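In: have a look; sequence and predicted model below, questions after that.
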Amino acid sequence: MNKLFLFLLVLLVAPFVSAQTPVCEDLLDLGQNCSMLTPAITCSTYNYTCYTKAGVEAQQGSLTQINGSIYSFTFNQTTEGGYICELCDSSTREIVVVRDEVQMFIFFIFAWLIFAVAIWDGGRWFNYLAGLFFVVLGIFSMTYGVGSTNDWLTRAVAFIHLGVGFLVILVYAWKDLDL
(Lines give C-alpha, C1' and ligand atoms only; values in the text may rest on other atoms or scores of the structure.)
Protein backbone atom coordinates (compact mmCIF):
# COMPACT_ATOMS: atom_id res chain seq x y z
CA MET A 1 0.00 0.00 0.00
CA ASN A 2 2.91 2.41 0.70
CA LYS A 3 4.16 1.90 -2.84
CA LEU A 4 0.73 2.78 -4.24
CA PHE A 5 0.61 5.91 -2.07
CA LEU A 6 4.11 6.95 -3.20
CA PHE A 7 3.21 6.32 -6.86
CA LEU A 8 0.08 8.48 -6.60
CA LEU A 9 2.04 11.23 -4.85
CA VAL A 10 4.70 11.29 -7.59
CA LEU A 11 2.01 11.44 -10.29
CA LEU A 12 0.29 14.26 -8.46
CA VAL A 13 3.41 16.42 -8.05
CA ALA A 14 4.92 15.79 -11.51
CA PRO A 15 2.81 18.31 -13.49
CA PHE A 16 3.73 21.13 -11.10
CA VAL A 17 7.52 20.75 -11.37
CA SER A 18 9.20 23.15 -13.78
CA ALA A 19 12.87 23.98 -14.21
CA GLN A 20 12.58 27.53 -15.58
CA THR A 21 10.14 30.07 -16.93
CA PRO A 22 9.29 29.09 -20.53
CA VAL A 23 9.52 31.54 -23.41
CA CYS A 24 6.16 33.10 -24.33
CA GLU A 25 4.40 31.66 -27.35
CA ASP A 26 1.12 32.66 -28.98
CA LEU A 27 -0.95 30.98 -26.24
CA LEU A 28 -0.26 31.02 -22.49
CA ASP A 29 -2.01 29.01 -19.80
CA LEU A 30 -3.98 31.06 -17.31
CA GLY A 31 -1.82 32.16 -14.35
CA GLN A 32 1.45 30.82 -15.79
CA ASN A 33 4.64 32.88 -16.15
CA CYS A 34 6.58 33.15 -19.37
CA SER A 35 9.54 35.20 -20.56
CA MET A 36 8.70 37.62 -23.36
CA LEU A 37 11.81 38.27 -25.49
CA THR A 38 12.27 41.43 -27.51
CA PRO A 39 13.94 41.86 -30.89
CA ALA A 40 17.04 44.06 -30.94
CA ILE A 41 15.80 47.43 -29.68
CA THR A 42 17.26 50.82 -28.80
CA CYS A 43 15.40 53.08 -26.38
CA SER A 44 16.16 55.87 -23.94
CA THR A 45 14.16 54.13 -21.18
CA TYR A 46 13.73 50.35 -21.40
CA ASN A 47 10.18 49.62 -20.28
CA TYR A 48 7.03 47.92 -21.55
CA THR A 49 3.25 48.16 -21.12
CA CYS A 50 0.74 45.37 -21.80
CA TYR A 51 -2.87 46.13 -22.63
CA THR A 52 -6.00 44.01 -22.97
CA LYS A 53 -7.66 43.91 -26.39
CA ALA A 54 -10.10 46.48 -24.96
CA GLY A 55 -7.20 48.90 -24.39
CA VAL A 56 -7.07 48.62 -20.58
CA GLU A 57 -3.56 48.63 -19.09
CA ALA A 58 -2.88 45.20 -17.59
CA GLN A 59 0.84 45.10 -16.78
CA GLN A 60 3.86 47.39 -17.01
CA GLY A 61 7.47 47.33 -15.92
CA SER A 62 11.12 47.57 -16.86
CA LEU A 63 12.87 45.38 -19.40
CA THR A 64 15.79 43.19 -18.30
CA GLN A 65 18.84 43.14 -20.56
CA ILE A 66 19.79 39.69 -21.82
CA ASN A 67 22.63 40.46 -24.22
CA GLY A 68 23.51 43.60 -26.16
CA SER A 69 20.25 45.11 -27.41
CA ILE A 70 18.01 42.11 -26.60
CA TYR A 71 15.76 42.39 -23.56
CA SER A 72 13.07 40.37 -21.79
CA PHE A 73 10.30 40.63 -19.21
CA THR A 74 8.10 38.15 -17.36
CA PHE A 75 4.50 38.06 -18.52
CA ASN A 76 1.76 36.74 -16.20
CA GLN A 77 -1.98 37.34 -16.32
CA THR A 78 -4.80 35.62 -14.45
CA THR A 79 -7.59 36.79 -16.76
CA GLU A 80 -8.39 35.03 -20.03
CA GLY A 81 -8.14 37.02 -23.23
CA GLY A 82 -5.83 38.65 -25.71
CA TYR A 83 -3.03 41.02 -24.70
CA ILE A 84 -0.82 43.37 -26.67
CA CYS A 85 2.50 44.36 -25.13
CA GLU A 86 4.07 47.59 -26.36
CA LEU A 87 7.82 47.94 -25.99
CA CYS A 88 9.70 51.19 -25.46
CA ASP A 89 10.44 51.52 -29.20
CA SER A 90 6.66 51.23 -29.99
CA SER A 91 6.99 47.69 -31.37
CA THR A 92 4.38 45.23 -30.12
CA ARG A 93 4.03 41.59 -29.13
CA GLU A 94 0.70 39.75 -28.90
CA ILE A 95 -0.26 36.85 -26.62
CA VAL A 96 -3.51 35.10 -25.74
CA VAL A 97 -4.10 33.75 -22.22
CA VAL A 98 -6.28 30.61 -22.06
CA ARG A 99 -7.37 28.11 -19.41
CA ASP A 100 -5.39 24.88 -19.22
CA GLU A 101 -8.30 22.48 -19.51
CA VAL A 102 -6.10 19.38 -19.84
CA GLN A 103 -4.26 19.93 -16.55
CA MET A 104 -7.53 20.61 -14.73
CA PHE A 105 -9.07 17.46 -16.23
CA ILE A 106 -6.08 15.39 -15.05
CA PHE A 107 -6.45 16.96 -11.60
CA PHE A 108 -10.13 15.90 -11.49
CA ILE A 109 -9.27 12.35 -12.56
CA PHE A 110 -6.64 12.07 -9.79
CA ALA A 111 -9.15 13.27 -7.20
CA TRP A 112 -11.73 10.69 -8.18
CA LEU A 113 -9.06 7.97 -8.55
CA ILE A 114 -7.77 8.60 -5.04
CA PHE A 115 -11.36 8.56 -3.79
CA ALA A 116 -11.99 5.21 -5.52
CA VAL A 117 -8.78 3.73 -4.05
CA ALA A 118 -9.82 5.02 -0.61
CA ILE A 119 -13.18 3.31 -0.86
CA TRP A 120 -11.67 0.09 -2.20
CA ASP A 121 -8.79 0.00 0.31
CA GLY A 122 -10.76 1.16 3.31
CA GLY A 123 -7.67 2.61 5.00
CA ARG A 124 -8.48 5.67 7.06
CA TRP A 125 -5.48 7.72 5.89
CA PHE A 126 -6.45 7.19 2.26
CA ASN A 127 -9.94 8.42 3.15
CA TYR A 128 -8.54 11.54 4.79
CA LEU A 129 -6.22 12.07 1.82
CA ALA A 130 -9.16 11.74 -0.58
CA GLY A 131 -11.19 14.26 1.44
CA LEU A 132 -8.27 16.68 1.61
CA PHE A 133 -7.67 16.28 -2.12
CA PHE A 134 -11.31 17.18 -2.83
CA VAL A 135 -11.05 20.27 -0.61
CA VAL A 136 -7.90 21.38 -2.45
CA LEU A 137 -9.62 20.67 -5.76
CA GLY A 138 -12.59 22.80 -4.71
CA ILE A 139 -10.33 25.69 -3.72
CA PHE A 140 -8.38 25.30 -6.97
CA SER A 141 -11.66 25.35 -8.93
CA MET A 142 -12.80 28.52 -7.17
CA THR A 143 -9.47 30.20 -7.88
CA TYR A 144 -8.72 29.17 -11.46
CA GLY A 145 -11.98 27.84 -12.85
CA VAL A 146 -12.70 24.51 -14.46
CA GLY A 147 -12.24 24.95 -18.18
CA SER A 148 -15.29 27.11 -18.68
CA THR A 149 -15.74 30.84 -18.44
CA ASN A 150 -19.25 30.22 -17.10
CA ASP A 151 -19.07 31.52 -13.51
CA TRP A 152 -22.11 29.50 -12.41
CA LEU A 153 -20.56 26.22 -13.61
CA THR A 154 -17.21 27.04 -12.04
CA ARG A 155 -18.74 27.79 -8.65
CA ALA A 156 -21.06 24.77 -8.79
CA VAL A 157 -18.19 22.36 -9.50
CA ALA A 158 -16.06 24.02 -6.81
CA PHE A 159 -18.81 23.76 -4.17
CA ILE A 160 -19.50 20.13 -5.10
CA HIS A 161 -15.85 19.23 -4.60
CA LEU A 162 -15.59 21.26 -1.38
CA GLY A 163 -18.73 19.55 -0.08
CA VAL A 164 -17.54 16.06 -0.98
CA GLY A 165 -14.13 16.75 0.58
CA PHE A 166 -15.51 18.04 3.88
CA LEU A 167 -18.12 15.26 3.96
CA VAL A 168 -15.51 12.53 3.49
CA ILE A 169 -13.24 14.05 6.15
CA LEU A 170 -16.07 14.52 8.64
CA VAL A 171 -17.58 11.05 8.10
CA TYR A 172 -14.27 9.30 8.70
CA ALA A 173 -13.35 11.60 11.58
CA TRP A 174 -16.73 10.75 13.12
CA LYS A 175 -16.00 7.03 12.72
CA ASP A 176 -12.51 7.43 14.25
CA LEU A 177 -14.00 9.18 17.29
CA ASP A 178 -16.56 6.34 17.65
CA LEU A 179 -19.42 8.76 18.25
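Out: Received, thanks.

In: and stretch 63-83, end to end?
Out: Taking Cα to Cα, to the nearest Å, stretch 63-83 runs 17 Å from one end to the other.

In: quick one: buried residues of that stretch?
Out: Applying a neighbour-count criterion of 16 or more other Cβ atoms under 10 Å, the buried positions in stretch 63-83 are 63, 71-73, 75, 77, 83. C-beta here means a position set from N, CA and C on the backbone, and glycine is covered the same way.

In: what residues does that stretch touch?
Out: 21, 24, 28, 30-42, 46-48, 50-53, 58-59, 61-62, 85, 87-88, 94-99, 149 (Cβ atoms under 8 Å, 6 or more residues apart in numbering).

In: how about a markdown table for the buried residues of stretch 63-83, with pLDDT, secondary structure and distance to residue 138 added?
Out: Formatted as a markdown table, the buried residues of stretch 63-83 follow (pLDDT from 0 to 100; DSSP: H, G, I helix; E, B strand; the rest coil; distance: Cβ to Cβ, whole Å):
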| residue | pLDDT | secondary structure | distance to residue 138 |
| --- | --- | --- | --- |
| 63 | 91 | coil | 39 |
| 71 | 90 | strand | 41 |
| 72 | 88 | strand | 36 |
| 73 | 90 | strand | 34 |
| 75 | 88 | strand | 29 |
| 77 | 81 | coil | 24 |
| 83 | 90 | strand | 29 |
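
In: greatest separation within those residues: which pair is it?
Out: 71 and 77 (19.5 Å; Cβ to Cβ).

In: and the longest helix for the chain?
Out: Looking across the chain with DSSP state H, the single longest helix is helix 151-177.

In: can you name every helix or strand that it contacts?
Out: Using 3 or more Cβ pairs under 8 Å, 6 or more residues apart in numbering; DSSP states H and E as the contact test, the elements touching helix 151-177 are helix 101-121, helix 124-144.
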